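[1] sequence-free structure coming up:
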């Protein structure tokens, strides 16, 4: 599933090709995504894409009439290619531009979404109750410590709660907890302020590093075959159950927490 770094790299990858371009036509080949694609998105035709922004894992194409709100779901990808190129399998939405290019949303599992947010409409309910972005000053160890008091839920579930902080998905929660030496099974309310300060900094560093690694794939968003995907990363624990820990050589363990696979080193993480 695309997590925050993949979505941010997608934003960086498509922005230079579509910002400032006028939308000539929007073709909806499959309106049945996670939510039905509203006909209101046609209001963007004839308008320029002023900028591309991100909030949590949602991307916004800003126009003077409103925003096209996109989500990659579990398998979605975007690419910018020549308008004349034929559709590929699972190309559900094509936003054709005045430049002769088109932005394509490809989503095999159709858990992604394409919604419309009019300029004078209230904010989407999907954006309500979201915590701060993890790479801003609003997110800190002090915030984690304050919100965690008396919470008995596992600390991994706590930092993946979008009301606490947005965009800390499964991969990066596992990796951040490992680097912080915190057992993901521990109750969130039993982690000290000092350890939360370390965890917050590691969350920031892990996400920044992932975005930097993803920068090597930016050219893929405008290739003829247009198949940007997950970028290669070195992971300490995620997906490595049964393998030796690279720090202490103990066996990496796996457990399901909050219906998500969790990976940790019982020796390094306490």
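    Thanks, I have it. Model, not experiment: these values are computed from the prediction.
[2] So residue 266 sits against residue 183, correct?
    Yes - using CB atoms under 8 Å, residue 266 is in contact with residue 183, at 7.4 Å. All C-beta spots, glycine's among them, are computed from the backbone N, C-alpha and C.
[3] and these two? which has more neighbours close in?
    Between residue 266 and residue 183, residue 183 has the larger neighbour count (other CB atoms under 10 Å), namely 17 against 14.
[4] which SS class is that one?
    Three-state call for residue 183 (DSSP: H, G, I helix; E, B strand; the rest coil): coil.
[5] dump the residue contacts of it.
    155, 177, 264, 266, 269, 270 (CB atoms under 8 Å, 6 or more residues apart in numbering).
[6] 10 Å instead?
    154, 155, 156, 177, 191, 264, 265, 266, 268, 269, 270 (CB atoms under 10 Å, 6 or more residues apart in numbering).
[7] any idea which of those residues is closest to residue 29?
    Nearest to residue 29 among the contacts of residue 183, counting by CB to CB, is residue 156 at 38.4 Å.
[8] Contacts for the helix or strand harbouring the closest one, please.
    Using DSSP states H and E, the element containing residue 156 is helix 155-159. For helix 155-159, the surrounding residues in contact (CB under 10 Å, 6+ apart) are 134, 144, 147-148, 151-152, 164-165, 168, 170, 172-174, 176-177, 180, 182-191, 195-196, 199-200, 203, 255, 257-260, 262, 264.
[9] Can you turn the buried part of these into a PyMOL selection?
    Restricted to buried positions by 16 or more other CB atoms under 10 Å, the PyMOL selection for those reads:
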select buried, resi 134+144+147+148+151+164+165+168+170+172+173+174+176+177+180+182+183+184+185+186+188+191+195+196+199+200+203+257+262+264
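[10] Just the ones of the contacts of helix 155-159 in strands?
    Members of these lying in strands (criterion: DSSP state E): 255, 257, 260, 262, 264.
[11] would you list those residues in CSV and tack on distance to residue 248?
    Output for the ones in strands among the contacts of helix 155-159, formatted as CSV (distance: CB to CB, whole Å):
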residue, distance to residue 248
255, 18
257, 22
260, 24
262, 18
264, 12
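[12] Okay, helices next: where are they in the chain?
    With helices called from DSSP state H, the chain shows them at 4-18, 141-148, 155-159, 170-180, 193-214.
[13] so where's this protein uncertain?
    For the chain, the stretches flagged by pLDDT under 70 are 223-231.
[14] how far away is residue 90 from residue 254?
    31 Å (CB to CB, to the nearest Å).
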